[in-house]
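Participant: following is a predicted model, sequence given first.
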Amino acid sequence: MELIDRLPVSLEAGEIARRLRLRAGRPGSAQLQDVIELAESKIHLRAVYEISYVGTKNAESVEVGGVVLRSRVLRRNLGRAQKVFPYIMTIGPELEKTAASIGDLLKQYYLEEIANIVLERGVAWLSGWLGERWGFPGLSNLSPGSLEDWPLTEQRPLFSLFGGKEKVIGLALTDRFLILPRKSVSGILFPSEEGFTACRLCPRETCPSRSAPYDESLAAENQ
Ligand code: SF4
């Protein structure tokens with residue numbers, strides 16, 4: 001297992017304001033800089049990852065690092081891949097504790113969204129860094145729970161790839177397959193010439209994190 005402590009991801013007020021649909025002069029916009037500074041002081045973005053090899057593939061599953069992962073979408077996308085990178089990333093528990101202690105619902109919402117943005121940017125950073133390090137022009141990501149095809153229950157086999165070593169950075173999986181601290185994410189980064197994104201297969205209509213439009217025919221191909 002490899003550990004990266006303090007991923008170099010910074011918070012940009014303009015990007016956060018756009019995601020929160022905040023314009024200058026609107027209620028809440030004046031508070032934003034304070035909330036960003038508060039978030040910066042509480043976030044400790046860390047990740048663990050493995051370098052794993054793809055093994056046996058069946059119609060609905062694929063072996064990664066000797067562990068069977070059940071997902072047709074993952075199996076299709078790892079068709080030609082040999083080396084992949086399972087990871088778990090967290091911002092740590094401090095931001096959540098601070099948000100819970102604040103009685104201001106608007107600030108709590110901002111902190112929640114900032115945490116989501118930091119995790120997204122963290123995954124993008126890790127993807128770029130690993131791609132450069134291992135000579136892949138592009139790595140794509142799939143996370144358990146992002147699609148029906150790869151449900152949250154698959155956190156269990158994904159975590160098993162780390163053999164309990166993820167506890168080094170305080171990560172744990174609950175009986176309901178949620179990661180603690182809550183503001184954490186897991187997934188597999190894999191080489192993809194076409195550039196896979198789960199959003200193209202996800203019909204959810206209102207998602208502030210959507211990175212690509214839903215593609216109905218591609219989703220049907222992956223049924
Ligand atoms: S649209 Fe939203 S929920 Fe669906 S895969 Fe993309 S980020 Fe996840």
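Facilitator: Yep, that arrived.

Participant: by mean pLDDT, which helix or strand of the chain comes out lowest?
Facilitator: Lowest by mean pLDDT, DSSP states H and E among the helices and strands of the chain is helix 13-19, with a mean of 87.

Participant: which strands and helices lie in contact with that helix?
Facilitator: The contact analysis (3 or more C-beta pairs under 8 Å, 6 or more residues apart in numbering; DSSP states H and E) places helix 13-19 against helix 32-42, helix 105-134. No exception for glycine: its C-beta is placed from N, CA and C like everyone else's.

Participant: select, out of these, the one closest to the ligand.
Facilitator: Evaluated over those, closeness to the ligand peaks at helix 105-134, with 8.3 Å, by C-beta to the nearest ligand atom.

Participant: ok so, going back, now the helices and strands packed on helix 13-19 in a markdown table, with mean neighbour count and mean pLDDT?
Facilitator: Listed next are the helices and strands packed on helix 13-19 as a markdown table, based on neighbours: other C-beta atoms under 10 Å; pLDDT from 0 to 100:
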| stretch | mean neighbour count | mean pLDDT |
| --- | --- | --- |
| helix 32-42 | 16 | 92 |
| helix 105-134 | 18 | 95 |
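
Participant: neighbours of the closest residue to E63 other than its chain neighbours, how many?
Facilitator: Take E63 and drop its neighbours on the chain: the residue closest to it by C-beta to C-beta, 6 or more residues apart in numbering is G55, 3.4 Å away. For G55, the neighbour count with other C-beta atoms under 10 Å is 14.

Participant: so which strand or helix has G55?
Facilitator: G55 is part of strand 52-57, with elements assigned from DSSP states H and E.

Participant: pLDDT averaged over that strand - what is it?
Facilitator: Across strand 52-57, pLDDT averages out at 97.

Participant: show me which residues of this protein sit near the ligand.
Facilitator: Neighbours of the ligand within the chain, by C-beta under 6 Å from any ligand atom: S146, A198, C199, C202, R204, C207, S209, R210.
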